[in-house]
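fold the following for me, if possible:
(chains A, B and C)
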Amino acid sequence: MRLKRLFSLLYDLYGPQNWWPVDRQYHQLKGTDPRDEIIIGAVLTQNTSWKNVERALENLKREGELSLNFVRSVELEVLKELIKPSGFYNQKATRLKAISEFFNPTQRVQEASREELLKVKGIGKETADAILLYAGDRLTFVIDKYTQRFMKRFLKVEGSYEELKEFFESNLEPDLFIYKEFHALLDEHAKRYCRSIPLCEECSLRNLCLSAGPSS
DNA sequence: TACCAGGTGGGAA
DNA sequence: TTCCCACATGGT
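Numbers count the residues shown, from 1 in each chain, chains lettered A, B, ... in the order given. Sure thing, here's the model as predicted:
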């Protein structure tokens, strides 16, 4: 099956996911950059449910400011308290400080190099690609464990992060909308049905899945 | 109670 | 390179 066909199937099933969610009204009011919210959220969501990330983002809005400027200037211990609900707050606070130092007026996310971004402590491939795609509008496909699990089962495609990323990028047209939505749709489907213990009986893609096989 | 969530870094093999 | 573990809160 062509990836574009898979994308269409998922898009028809779940509709637009509109990743990355950003409070545009807040940023307009505060004069802050909505891209900062994506960058901060990308770090906070590492191995963490989005609900918990939202609590941390709310804390930043309410008791500080949802911006890299604020992250850069606030005391580390205060930052830890604010982001506590997102878990791993000690290392995430340090990582937020590091990424806030990386992005400054001379280093815009629209022009940042992936290699340089990966050198920032706490920014791995997935976080780097998520930042570049969703905050920087850069054509880089994001792979996560949902994508890896789904692709392994559905198309029997597996490999390293870079191999899977290359698989998507070489089989998809270079379209930002598709890159952004496809990743979000794969997550949505994996969360609903292609779980660690899959719900194949309820999955509407089961007839096309190379692992589940056709249902009777 | 146990497991999972929009991962990463460091150390051991 | 690959595997294993620590990192932490909150929901089911």
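
most proximal residue of chain A with respect to DNA strand C?
When distances are taken as Cβ to the nearest atom of the strand, chain A approaches DNA strand C most closely through A:Gly87, which lies 2.4 Å from it. Backbone N, C-alpha and C define where each C-beta goes, glycine included.

what comes up buried for the top helix by length along chain A?
Of all the segments assigned as helix in chain A under DSSP state H, the longest by residue count is helix A:176-192. Under the neighbour-count criterion of 16 or more other Cβ atoms under 10 Å, helix A:176-192 has A:178-190 buried.

get me the contact residues on chain A for DNA strand C.
By the criterion of Cβ under 7 Å from any atom of the strand, the positions of chain A lying close to DNA strand C are A:47-49, A:51-52, A:55, A:84-92, A:160.

try it again with 10 Å
Chain A comes close to DNA strand C at residues A:46-49, A:51-53, A:55-56, A:59, A:80, A:83-94, A:122, A:159-163, as judged by Cβ under 10 Å from any atom of the strand.

buried subset of those?
Neighbour counting over the residues of chain A next to DNA strand C (16+ other Cβ under 10 Å) leaves A:46, A:48, A:52-53, A:56, A:59, A:80, A:83-89, A:92-94, A:122, A:161 as the buried ones.

so which of those belong to strands?
When DSSP state E defines the strands, the subset of these inside them is empty.

the closest residue to DNA strand B within chain A: neighbour count?
Relative to DNA strand B, the nearest point of chain A is A:Gly124 (2.4 Å; Cβ to the nearest atom of the strand). Number of residues near A:Gly124 (other Cβ atoms under 10 Å) recorded here: 12.

is it true that it touches A:Leu118?
Yes: using Cβ atoms under 8 Å, A:Gly124 is in contact with A:Leu118, at 7.4 Å.

so what's A:Glu101 up against?
A:Arg72 (Cβ atoms under 8 Å, 6 or more residues apart in numbering).

how about the most centrally placed residue in chain A, nearest residue that isn't a chain neighbour?
Computing the C-alpha centroid of chain A and ranking residues by Cα atoms, centre = their mean puts A:Ala130 first, at 4.6 Å. Leaving aside its chain neighbours, A:Ala130 sits nearest to A:Ala42 (4.7 Å; criterion: Cβ to Cβ, 6 or more residues apart in numbering).

contact partners for that neighbour?
For A:Ala42, the set of contacting residues under the criterion of Cβ under 8 Å, 6+ apart consists of A:127, A:130-131, A:134-135.

and it, how close does it get to A:Lys119?
In this structure, A:Ala42 and A:Lys119 are separated by 16 Å, where distance is defined by Cβ to Cβ, to the nearest Å.

contacting residues around the residue nearest to A:Ser204 when sequence neighbours are not counted?
Computed as Cβ to Cβ, 6+ apart, the closest residue to A:Ser204 that is not its neighbour in sequence is A:Leu13, at 6.5 Å. Contact partners of A:Leu13, counting by Cβ under 8 Å, 6+ apart, are A:185, A:189, A:204-205.

which two in those are spaced the farthest apart?
A:Leu185 and A:Ser204 (13.1 Å; Cβ to Cβ).
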